[in-house]
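sharing a model that was predicted from the sequence below.
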Amino acid sequence: MNAELARNICRYRKEKGFTQEDLAKKLGITFQAVSKWETAQALPDSSLLPRLSQELGISIDKLFGYASHDKAVTIYEEEYKLPDYYWGLEPAKICLKVLELLPPSRPLKLLDIGCGEGKDSVFFARNGYDVTAFDISNAGIEKTQRLAEKAGVHLKVFKSDLLDYRLSGKFDILYSSGVLHYIKPSLRQEIFSNYKQFTNPGGLHVFNVFVKKPFIAPAPKKEPASCQWISGELFTYYHDWLIQECSEVIFDCNSSGIPHKHAMNKIIAQKL
């Protein structure tokens, strides 16, 4: 609990652009007190929690890591409620690269970050990986569970917000497709540092992210929570890892029923 609270105070303070001194002045306390909160050496007095949450622009529940999402938080929530699978059932081609580079000849733990309706998670589980997956969509989680049951495989799936979730246990493979554009620029360094820290030696990160190009029109389906990435930005987080593959592709998409194009950066990096 202390560690989660400390991490959240630091994260949301930085997201607001406050220094420790700035936050301390707003609360009428010393910056040393804020420093102790953020290093889990002390807890804020309960009388300060309403003011602290107000200054950070979040609820007290979210400050303690208990935020819930009772309303739709993704534009795909309604599509995921339909019987058909919005993204289909065929796994992404990049999944095959994982099998090639790090086959499950021994027990390997894989995390699918933003699993959607679960087609890639279930594919990995069917091929022998120990799969954990999360998504922010209730409907997506339910479809992932149903798909796993139908395939006769077990995987651990839970609900979480990409912006709030941090790893605390080691994985061999971190995988995410079509999700990382939801990470705010102010959180990218922290999130990728966490992902790298909790990856076992020899492990893989297999990620892609949409990038903005001036010659490609915006997608017809607006995503208010999406944040812009630029070409090559994803690669900079892996300068100290072995880059197995990095590429940029432009591809056709018809997910909204209106033909359009996307530009995407893809990286497969290995921790040595």
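Received, thanks. Residues are numbered from 1 along each chain as shown.

burial check on residue 264, number of neighbours?
When counting by other Cβ atoms under 10 Å, one arrives at 19 neighbours for residue 264. Just so you know, the C-beta spots here come from the backbone N, C-alpha and C atoms, and that holds for glycine as well.

for this protein, just list every one of the strands.
Taking DSSP state E as the test, the strands found in the chain are 109-113, 130-135, 156-159, 171-176, 199-211, 242-253, 260-270.

now those as a markdown table including distance to residue 78 and mean pLDDT?
Output for these, formatted as a markdown table (distance: least, Cβ to Cβ, whole Å; pLDDT from 0 to 100):
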| stretch | distance to residue 78 | mean pLDDT |
| --- | --- | --- |
| strand 109-113 | 22 | 98 |
| strand 130-135 | 15 | 97 |
| strand 156-159 | 17 | 94 |
| strand 171-176 | 23 | 98 |
| strand 199-211 | 21 | 97 |
| strand 242-253 | 19 | 95 |
| strand 260-270 | 20 | 96 |
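
pull the helix or strand with minimum mean pLDDT from this structure.
helix 60-63 (a mean of 81; mean pLDDT, DSSP states H and E).

what's in contact with that one?
Helix 60-63 is contacted by residues 5, 8-9, 12, 49-50, 52-53, 56, 67-68, 164 when judged by Cβ atoms under 8 Å, 6 or more residues apart in numbering.

go with 10 Å
Helix 60-63 has contacts (Cβ atoms under 10 Å, 6 or more residues apart in numbering) with 4-5, 8-9, 12, 44, 46, 49-50, 52-54, 56, 66-68, 161, 164.

buried stuff in it?
Buried residues in helix 60-63, counted by 16 or more other Cβ atoms under 10 Å: 62-63.

same question for stretch 161-180.
By 16+ other Cβ under 10 Å, the buried positions in stretch 161-180 come out as 162-167, 171-180.

who's in contact with the residue nearest the centre of the chain?
What sits nearest the mean C-alpha location of the chain, by Cα atoms, centre = their mean, is residue 162, with 3.6 Å. Residue 162 makes contact with 113-114, 134-136, 176, 179-180, 182-184, 187, 191, 225 under the criterion Cβ under 10 Å, 6+ apart.

that one and residue 240, how far apart?
From residue 162 across to residue 240, the span is 23 Å (Cβ to Cβ, to the nearest Å).

break the protein down into its domains, please.
According to automatic domain parsing, the chain comprises the domains 2-63, 77-270.

those: lowest mean pLDDT?
For the domains of the chain, mean pLDDT drops lowest on domain 2-63, to a mean of 88.

surely residue 12 touches residue 57?
Yes: between residue 12 and residue 57 there is a contact at 7.1 Å, judged by Cβ atoms under 10 Å.

higher neighbour count, those two?
Per other Cβ under 10 Å, whichever of residue 12 and residue 57 has more neighbours is residue 12, with 19 against 10.

and residue 12, how close does it get to residue 239?
Residue 12 sits 28 Å away from residue 239, taking Cβ to Cβ as the criterion.
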